[in-house]
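**Q** Coordinates for the following, if possible.
(one chain, ligands or ions: 1)
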Amino acid sequence: MTEFTLTDLESIVATRATARPDESWTAKLVAGGQSKAAKKLGEEAVETVIAAIKDDRENLVYESADLLYHLMVVLKIADIPLEAVMQELQRRTAQTGLSEKASRQDP
Ligand SMILES: N=c1c2ncn([C@@H]3O[C@H](COP(=O)(O)OP(=O)(O)OP(=O)(O)O)[C@@H](O)[C@H]3O)c2ncn1[C@@H]1O[C@H](COP(=O)(O)O)[C@@H](O)[C@H]1O
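**A** The predicted structure is shown next:
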């Protein structure tokens, strides 16, 4: 079991965001702005979906890592801490996904 966490990745992204864009992919993404970074996140999401549909387990792991990394960069640019996402996920543990969906639907 790896000890590496998304919080560790968040710290790395925060540190590398301040590097020179010619020496860091993270810094290059941050310098390019949110539209480009979010587009890259979308591309990685599509690549993850394709791997899942193909039942390509090796690529699904690889593309999922790309996806999570690019999500961390997008959150960094938006100045949203991972903690905010985790709090939202924790709040949702109070009910099931299906009951939450039902509560949003018109009577
Ligand atoms: N986890 C990652 C990480 N995951 C993916 N990537 C980069 O994201 C880029 C994705 O670009 P592309 O989609 O064009 O590349 P690709 O997916 O390999 O190619 P195709 O699918 O398009 O064929 C590549 O350059 C990857 O290296 C990452 N770059 C950085 N990190 C982390 O950030 C740290 C700092 O990296 P730098 O900011 O580059 O110093 C690293 O040590 C890692 O911990």
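**Q** C-alpha from now on. contacts and neighbour counts both.
**A** Noted.
**Q** need the residues of the chain near the ligand, please.
**A** Taking CA under 6 Å from any ligand atom, the part of the chain that reaches the ligand is made up of Ile12, Val13, Arg16, Ser24, Trp25, Thr26, Ala27, Asp66, Tyr69.
**Q** out of those residues, which are buried?
**A** With neighbours counted by 16 or more other CA atoms under 10 Å, the residues of the chain next to the ligand contain buried members at Val13, Arg16, Thr26, Ala27, Asp66, Tyr69.
**Q** In helices only, show me these.
**A** Judged by DSSP state H, the subset of those located in helices is Val13, Arg16, Thr26, Ala27, Asp66, Tyr69.
**Q** contacting residues for the closest residue to Ala19 other than its chain neighbours?
**A** Excluding its sequence neighbours, the residue lying closest to Ala19 (CA to CA, 6 or more residues apart in numbering) is Ala27, at 5.7 Å. If you count contacts by CA atoms under 8 Å, 6 or more residues apart in numbering, Ala27 has them with Arg16, Ala17, Thr18, Ala19, Arg20, Pro21.
**Q** among those, who's most crowded?
**A** Ala17 (21 neighbours; other CA atoms under 10 Å).
**Q** host element of the most centrally placed residue in the chain?
**A** With distances taken as CA atoms, centre = their mean, Leu71 lies nearest the centre of the chain, 2.4 Å away. Per DSSP states H and E: Leu71 is located in helix 57-77.
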